[in-house]
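> I would like the atomic coordinates for the input below:
(chains A, B, C and D)
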2 protein chains.
Amino acid sequence: MPARRNSAHLFAALGDQTRLRLVRRLCDDGPMSITRLTAGSRVTRQAITKHLRVMEGAGLVCSTRHGRESVWHLDARRVDEARTYLERISRQWDAALARLQKFVEE
Amino acid sequence: MPARRNSAHLFAALGDQTRLRLVRRLCDDGPMSITRLTAGSRVTRQAITKHLRVMEGAGLVCSTRHGRESVWHLDARRVDEARTYLERISRQWDAALARLQKFVEE
DNA sequence: TTAACATGCAACCTGGGGGTTGCATGAATA
DNA sequence: TATTCATGCAACCCCCAGGTTGCATGTTAA
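Okay, the predicted model is just below:
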């Protein structure tokens, strides 16, 4: 289980339709098992499992075992990290533009 | 130039180290040309160009031609879209957890 | 204790992403 | 005008992400 926890991996984990759908699903209905996550999806249970593992590697989700099923849930802190990252980007960009503006005017 | 403007493509465009480095570069020093973006990078100018196109497809950056060089700049609005998306996810998740909590307690 | 159910593991297939090289073309400058 | 410089285009390569199928294992319920 190689932990891929930098920003690029985090965004990459969000950069897939199937995975975003999983995130949505978890957000709407809370933690749930793999088979339940698979129900309603056009894709195999195995595919879902792989996607969950990818997101787990990025720290986006994790699972706890309950009897024969494993229940997956989101890690909102990690989502916030991504959000904060983008916020910094955005601010930095505004600053760069301001500097440029000032430079041009002189 | 197929426009790939949904959330998945947006995050995918951010989900690569080289591309994130480009974003950083643009944020730090403002708009700049391809060769300048390539300078200091370990990869070819062509690779950089491809990455820029990917990000352009996602609406993250765009270019304007100045004589023989094309100057690329970030589109902060798109960054904010991603940020907002994550914010909604985060809130939704908290709500789902609250509902679950209430359900368990009954 | 059997049968149904939820998951894990492994092998396999395919397309496209990330990268390179070589050459062509239009702009700038000496 | 001849030459350098910034970019575009196209072909090519390799690897891995996304997906499937088949079978094995552990858990629950009849």
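> What is the neighbour count of A:Arg53?
When neighbours are counted by other Cβ atoms under 10 Å in any protein chain shown, A:Arg53 registers 13. Where you see a C-beta, it was placed from the backbone N, CA and C, and this is true even at glycine.
> same question, A:Val43
12.
> same thing with A:Ala39?
A:Ala39 has 12 nearby residues by other Cβ under 10 Å.
> do A:Gln101 as well
10.
> Then A:Tyr85?
By other Cβ under 10 Å, neighbour count at A:Tyr85 equals 19.
> With A:Val61 instead?
A:Val61: 23 neighbours (other Cβ under 10 Å).
> got it, and A:Ser63?
With other Cβ under 10 Å as criterion, A:Ser63 counts 16.
> again with A:Met55
24.
> now do the one 3 residues further on
When neighbours are defined as other Cβ under 10 Å, A:Ala58 has 25 of them.
> Now the closest residue to it other than its chain neighbours: which helix or strand?
Nearest residue to A:Ala58, sequence neighbours excluded (Cβ to Cβ, 6 or more residues apart in numbering or on different chains): A:Ala13, at 3.6 Å. Using DSSP states H and E, A:Ala13 maps to helix A:7-14.
> For the residue of chain A found nearest DNA strand D, the count of nearby residues, please.
For chain A and DNA strand D, the shortest gap (Cβ to the nearest atom of the strand) falls at A:Gly67, measuring 1.9 Å. Neighbourhood size, A:Gly67 [other Cβ under 10 Å]: 7.
> That one and A:Arg91, how far apart?
47 Å (Cβ to Cβ, to the nearest Å).
> likewise A:Ala39?
42 Å.
> CA atoms of the helix holding A:Ala13 as CSV?
Taking Å, rounded to 0.1, in the frame of the first residue of the first chain, the C-alpha atoms of helix A:7-14 are listed here in CSV:
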residue,chain,number,x,y,z
SER,A,7,-1.1,17.2,-4.0
ALA,A,8,-0.8,15.8,-7.5
HIS,A,9,-1.9,12.4,-6.4
LEU,A,10,-4.7,13.9,-4.4
PHE,A,11,-6.1,15.8,-7.5
ALA,A,12,-5.4,12.7,-9.7
ALA,A,13,-7.6,10.7,-7.3
LEU,A,14,-10.4,13.2,-7.9
